[in-house]
Each structure stands twice: as C-alpha cells, then as structure tokens.
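>>> Need a 3D model of the sequence below.
(chains A and B)
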Amino acid sequence: MLKRRIGDLFIRVPLLGWLIGILIAVTLEHLLGDLLVDVLGLSKIPVLFGFVIMLKKPLLMPGVILYVLLIYIIPISVVARLSAWPANRLAARLLDFPIWFSVVIHLGLFYAALHMWSGISAYRVLTLKLTLIAIMVTLSLNVVNGYMGEFSCSHPGFMALGAYAASVVTVVLFVNDRLFGPALLAPAFGPFIFPVALITGGMVAALGALAIAIPSFRTRGDYLAIVSLAFMFIIKSMIENLEVVGGPRGLSSQPDYASLPIVFLWTIACIWMTNNFVQSILGKALNAVRDDEMAANAMTVNTRRTKIVAFLFAAFWAGVAGGLFAHVIRYVNPATFGLQKLAEVLAMVYFGGLNSVYGSIVGAVSLSLLGEALRPLEIFKWIIIPLLLIIVMIYRPTGLVAFKELNVRNLVKPKQ
Amino acid sequence: MCYFVSWCLCGEGKKCIMALLEVKKMSHEFGGLRAVNSYNLEIEAGQIRGLIGPNGAGKTTIFNLITGIYKPTEGDIILDGKEITGLQPHKIAAFGIGRTFQNLQLWRHMTVVEHVKLARYSRISYGLIGAFFGTPKRQKQEAEIEEMAHNLLKMIGIDHLSDQVVTNLPYGDQRRVEMARALSMEPKILLLDEPTAGMNPEELIQMMEIIRRIHKELGMAIFLIEHRLKVVMDLCHMIQTLNFGHVIAEGTPEEIQNNPKVIDAYLGRESVV
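Have a look, this model is predicted:
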C-alpha cells in the first residue's frame, strides 16, 4: 500500500526531473557536506553512501543514515517531485528537435552530476572509472553469452590484449621509458592519439578473437567455452613470458590520459553502438542463432558469419575497456587478467540479466559498488556476493533485468 | 530466361515445360540406411505439389536434402536453372526456397514481427556499418521491412499479434507465424512440412484457406508434405507417394486415391491365410 502510494507520487517524474534532482543533491553535498559531517559527528564525508563507515564503526550508523537522507534521498525526491511539471514540459520541447539533441542534454546533466559527486574524493573518481569500464566489459560479454547464447570465457584475455596493446602504443610514443626508450612524439599529441591507441587495443583483441572464432564456430555447444578458456590462459602465460613488455612484473608508467570524461564518453559510445547493433536485423540474427540455429539458417541467415562478427565485436569492446583500464590504473600485469577477473565479469553478466543492455549496466554497477561497499568485511565479502548471485539465479534465472530492450526514446520522453 | 512464361521451346521446336525446381536421381544414405533412393521431382511455377507417405518414408529427409541441411549422397538439385546441390542452407534459402518445419522451429524469445523481419536478412544491404552506427540508410531500410512485415502479417491474419513473443501464442497461430516467416523471404517455391499437423478441424480449414490464398495472390509454387489425405486431395495438382525412400506412385489426386500400391502402403496388404 505504502509502496504504491510512493510509486504514484513519482510516476509522473521524467528522467530529466530525476537528473535535476541528483544534480542539486550533489551540489548540496559540495556546499554543505563538510558542515553536516561536523554536525553529525562523522570524521569525513562518507565516500560510498556510508556503507564502509557503517561496517567499520557501527556506532556511527545513525549519523551516516541521517547524512544520506539529508544529502541524497530527501533533496532528490523533493526536487524530482517538484520539478516534474516543468521537467515534463522541457522534455516534451526537447523531443521537437532530433532525438540525439535530447539525449545529449540528458547525458550532459548526468555527467555533470557524476563529475560533481566524484569531485569530493579521488577514491570516488577511481571507483566511478572502474565501474564504467566494468559496464563496457559486461555489455560486450553479454553480446556473446546473452544475445548469442554461447558461453565465452576469454574476456579477460581480450582485456589483456587491449590493455597491453594500448599501453605499448602510448608508452612508446609519449613516455621516456626504461623498456621502450625515449618518447617519439611531443606529449601535446597524447590526448589526440589516445583514441587511436584504444582502437588499436580493440583491434588486437578482435584479432585474437578471430583465432578462437574460426575453429570453434563450425559447431555449437561447449567447444567455445573450452577453447576460449584455453585462450585466456594462453594470453596470460604469453604475456608473462614476454620480457619486452615486462613479463610477470607488468608494464607501468602509462600516461594519465583516461580522465573521467574520456572514460564516460567511451562507455557511452560502447552502449550506443551495442544497442544499435542488437536492435538491428543483423543483430536480431544473434537471437535467432541462439534460439534455433537450423531455422535461422533456413531463413537465409548466414549463421557462421553472424557469430564471428558478434564475437569480434565483443572482443573489440573488451579490448578498448582493457586499454582504458590500463590507463586508469596506470599499471598492468598479467595476473590481473586471470580467473578471478573472469568470475567477476561472468557474475556481472548473469546477475544483471542476459540479452539486455539495462541488465549489463545494472549488473556491472551493482556488483562493482557492492564489491567496494563490502570491502571492510574482508573475506566475508566473498561469501555474501556469491550468495546474492545464487539467490538471484534461483528467483530470476536469467538475471535481474533480462530480455529488456533499451529504447532511448521511451527513456527521455515526458511522463504524462 | 523463360521462367516467367514457364513454357518455352526446346531443342527440336517441341514445346516442353521448364521446371522451376528439378531434382534428378537424388539419393541419401544415413550410414548403411538408404533413406532416399533415386528420387526425381519436377515442379513448375505456380504448381501445388503434394508428397505423402507413411511415417518414416523419408519425406522430411527429402525436404532437408533440398534445403541443404543434409548433402545428398548422389544426384542434382536445380532451382530455376541454377545448380544448388551441396550449397550451404542459407545460400539455398536466399536463392528462393522457403520452408516451414514439421515440429515448429520458432525463435522463442522473439516477437512475431521480428520473425518476419529477420527472414529478410539476405536482402539487407546496409551492412555492419549501418548496424553499428544506425545510419539513415539503415533506418530507411528497416522502416520498409517493418511495413512489408505488417502487410504480410495482415494477409496471414495475425497482425494484431505482431508484438507478442511467439511462445505466448496458441499452436495454430504459431503455425501461421512460421508460414509468414517463410513467405517474408519471397521465395520462388515454398516447402511446407505438414502445415496442418496437430490442428483441430477449424484451424485446419483456416490453414487450407491460407495456403490457397498464398497460391492465388502470390502465384508461388508450393511443395507440401501432408498426412491428412483430405488436405492433399483438396489442394494439390499432383501428388507423389513415398514409401521406404522410393516413389511408388505419382499422379493427380484421383489417380493416387485409386492406386493399389498407395492403398497397400497406407493400409497394408490384405493377407489371406
């Protein structure tokens, strides 16, 4: 009953209204956060909605809850509710222009909110960047495991290829490095060459994917799972033995090009392109291959080409994500891209939901944030997260938001 | 080429019929079992052909051989003057052979209209660039395909279900989706594998009506496998009877009905002790 009353209260709030609410809340945090922290007796602004503080010092719980209520929940809901009417009018007006205009406005507001939120501490920036990268990896794996219905285990391998390829490009060109010698280009070119480096990383990953795709897409079944798992280990031990890129010690001193706006833009590009692809008829062919390959073949679908294209596409984005990852952490070593990474990415895909862009976003964001929030629990973290996964698998076997199409027009339209 | 007329002159000035689909001496073996033996077929444009026979006679195997799911051990298949033997199934389909399946093979997570749209796959020209970047060319082409799909669904009588996921539909409607999907390829010839299997009498009459209408409005050649003799007798111009991979009789419905070999195959020989 109460839930429905609250639902009714907010049903008319468009996305624009929520974004305005969030923006005002984070502005509030900027202006009043320190003051409120003093009043409530907290030592500093809770970085991730207070989870960490609550788990470390349970006595501070009331203060943290009050902080979250006063800074986030109350301002967001009040502003969203009050601005519903003007926001709806504005959203309707925006739709008079081409759809991309409205989308750019929404994304701009969203980014502004993220930027201000993360401006509080460097930890927030890092968490946010890693979450965005996790979205890219999850989404690209969802193309293979969800949309195409095969089981691929090689995504950490693709990330490693992308990370190393992109790192080598930037380090060789712009850094005076012990391994690769002096910089070849002036550092001023760096930010412009960086996209090229990332795309190179993606291409190298896609090339690696081709090596898996050619033998394993002749047939269906478990072949891909086995071949791709082997591929992941091959890549890992190959890099461990390549002294040129530092071997097991890893490769460091990547230049600091992966700023928050850059990572954000690449993530949006990944979501946009993937969404375009899976909604086109060529992308729907993936679903047909998954549900009944023989029927797909009989309806003129070139199933082998379809599978290879999707696999290469997924590998490309995993490679780009790997490149970004390397430049966010500014250090890569082969051990990062092992079984644990694989488990993490698979969990995000299956937790969030198969065959759904929303699902990948939900899975990546919730598991990344949960992983950070539960950090004080140390080893128990690895009991709670798998338990959650099991519960989701029991009650929603395909994941939280599976089989839901991302329709941008519905998302940005006024709610009236 | 003269397939528009379907009549043309042969070598010595005689009139003869140019077949749309021609199968010559096709055989297929599964291990040691000869499932289809020296099978011949000629279907002309606009003809409805029936293929009947008891269970296990090899009817569906013949469909699978023609559509390229199996490769024939021997023999040739020629569609509209082009040799299609041994090509990959999707290429054969794109050359103009549409089919439905005996036990429904729909894509269970896709909606009705998506089924119909996807069967246009081979005619899409916007390519991967269009798919990844949503170019205007793609928008235009997909809008055209969408419109065509709805027209086709109207003709089959299931346009009101277009946004339903197929698994939610009753059996008869699922059959219609398969039919619409096959037609969406704009095939030259349509292969129907037991189009009325498992239907109640009412659905059966509707399905026969649809087949007649497809034939009349699109003028398509149809080759159908059927168990119910009433359907074949009513619809087909010519019928073949198959038993243990051999054609045992071929002719008009009347001829087949009275053929003692056919009666034997279906009812068994009367034996006198």
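
>>> going forward, measure contacts and count neighbours with C-alpha atoms only.
Will do.

>>> For the most centrally placed residue in chain A, give me the pLDDT.
Central residue of chain A (Cα atoms, centre = their mean): A:Ile135, 1.4 Å from the mean position. pLDDT for A:Ile135: 97.

>>> Could you list the buried residues of the helix or strand harbouring it?
Assigned by DSSP states H and E, A:Ile135 belongs to helix A:122-142. Buried residues in helix A:122-142, counted by 16 or more other Cα atoms under 10 Å in any protein chain shown: A:124-142.

>>> likewise stretch B:229-244?
Buried, per 16+ other Cα under 10 Å, within stretch B:229-244: B:Val231, B:Val232, B:Met233, B:Leu235, B:Cys236, B:Met238, B:Ile239, B:Gln240, B:Thr241, B:Leu242, B:Asn243, B:Phe244.

>>> Stretch A:8-15 now?
Buried residues in stretch A:8-15, counted by 16+ other Cα under 10 Å: A:Phe10, A:Arg12, A:Val13, A:Pro14, A:Leu15.

>>> how about the buried residues of stretch B:229-244 in TSV, adding secondary structure, pLDDT and distance to chain A?
TSV is the format used below for these (DSSP: H, G, I helix; E, B strand; the rest coil; pLDDT from 0 to 100; distance: Cα to the nearest Cα, whole Å):
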residue	secondary structure	pLDDT	distance to chain A
B:Val231	helix	87	25
B:Val232	helix	88	24
B:Met233	helix	88	28
B:Leu235	helix	92	25
B:Cys236	coil	92	24
B:Met238	strand	93	25
B:Ile239	strand	93	25
B:Gln240	strand	93	24
B:Thr241	strand	92	25
B:Leu242	strand	91	24
B:Asn243	strand	90	26
B:Phe244	coil	90	25
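
>>> Check those and tell me the two furthest apart.
Greatest spatial distance among the buried residues of stretch B:229-244 (Cα to Cα): B:Leu235 and B:Phe244, at 24.5 Å.

>>> Where does the prediction get shaky in chain B?
B:1-17, B:269-273 (pLDDT under 70).

>>> in it, what residue is nearest chain A?
Here chain B gets closest to chain A at one residue, B:His90, 4.1 Å apart by Cα to the nearest Cα.

>>> Excluding chain neighbours, what is closest to that residue?
A:Thr300 (4.1 Å; Cα to Cα, 6 or more residues apart in numbering or on different chains).

>>> Not counting its own residues, what contacts stretch B:35-46?
With contacts defined as Cα atoms under 8 Å, 6 or more residues apart in numbering or on different chains, stretch B:35-46 is touched by B:3, B:6, B:17-29, B:49, B:57-58, B:61-62, B:75, B:188-189, B:215, B:219-222, B:244-247.

>>> Distance from the chain centre to that stretch, please.
Relative to its chain's centre, stretch B:35-46 lies at 13 Å (Cα atoms, centre = their mean, to the nearest Å).

>>> One more: stretch A:17-24?
Stretch A:17-24 sits 22 Å away from the centroid of its parent chain (Cα atoms, centre = their mean).

>>> Mind pulling the model confidence for A:Ile379?
86.

>>> Please apply the same query to the one 10 residues further on.
If you check A:Leu389, the pLDDT there is 91.

>>> Surely it and A:Val349 touch.
No - counting by Cα atoms under 8 Å, A:Leu389 stays clear of A:Val349, with 10.8 Å between them.

>>> Show me which of these two is the more surrounded one.
Applying other Cα atoms under 10 Å in any protein chain shown to A:Leu389 and A:Val349 shows that A:Val349 carries more neighbours, namely 34 against 17.

>>> Report the central residue of chain B.
Short answer for chain B (Cα atoms, centre = their mean): B:Leu191, at 0.6 Å.

>>> Which strands or helices does the helix holding A:Ile135 pack on?
Counting by 3 or more Cα pairs under 8 Å, 6 or more residues apart in numbering or on different chains; DSSP states H and E, the packing neighbours recorded for helix A:122-142 are helix A:99-118, helix A:260-279, helix A:303-329, helix A:339-352, helix A:357-373.

>>> one more time with 7 Å
Other helices and strands packing on helix A:122-142, by 3 or more Cα pairs under 7 Å, 6 or more residues apart in numbering or on different chains; DSSP states H and E, are helix A:260-279, helix A:303-329, helix A:339-352, helix A:357-373.

>>> In TSV, list those helices along with distance to chain B.
As requested, the helices and strands packed on helix A:122-142 are arranged in TSV below (distance: least, Cα to the nearest Cα, whole Å):
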stretch	distance to chain B
helix A:260-279	5
helix A:303-329	8
helix A:339-352	17
helix A:357-373	15
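
>>> Need the winner for burial among those helices.
helix A:303-329 (a mean of 26; mean count of other Cα atoms under 10 Å in any protein chain shown).

>>> Give the rounded mean pLDDT of that one.
With pLDDT averaged residue by residue, helix A:303-329 scores 96.

>>> and the angle from that helix to helix A:260-279?
170 degrees (axes from the mean of the first three to the mean of the last three Cα atoms, to 10 degrees).

>>> following helix A:303-329, which helix or strand shows up next?
Downstream of helix A:303-329 (by DSSP H and E), the next one is strand A:331-332.

>>> Can you give the distance of that next one from its chain's centre?
The answer for strand A:331-332 is 19 Å, by Cα atoms, centre = their mean.

>>> quick one: contacts of it?
Here strand A:331-332 makes contact (Cα atoms under 7 Å, 6 or more residues apart in numbering or on different chains) with A:Gly250, A:Leu251, A:Ser252, A:Ser253, A:Gln254, A:Ala326.
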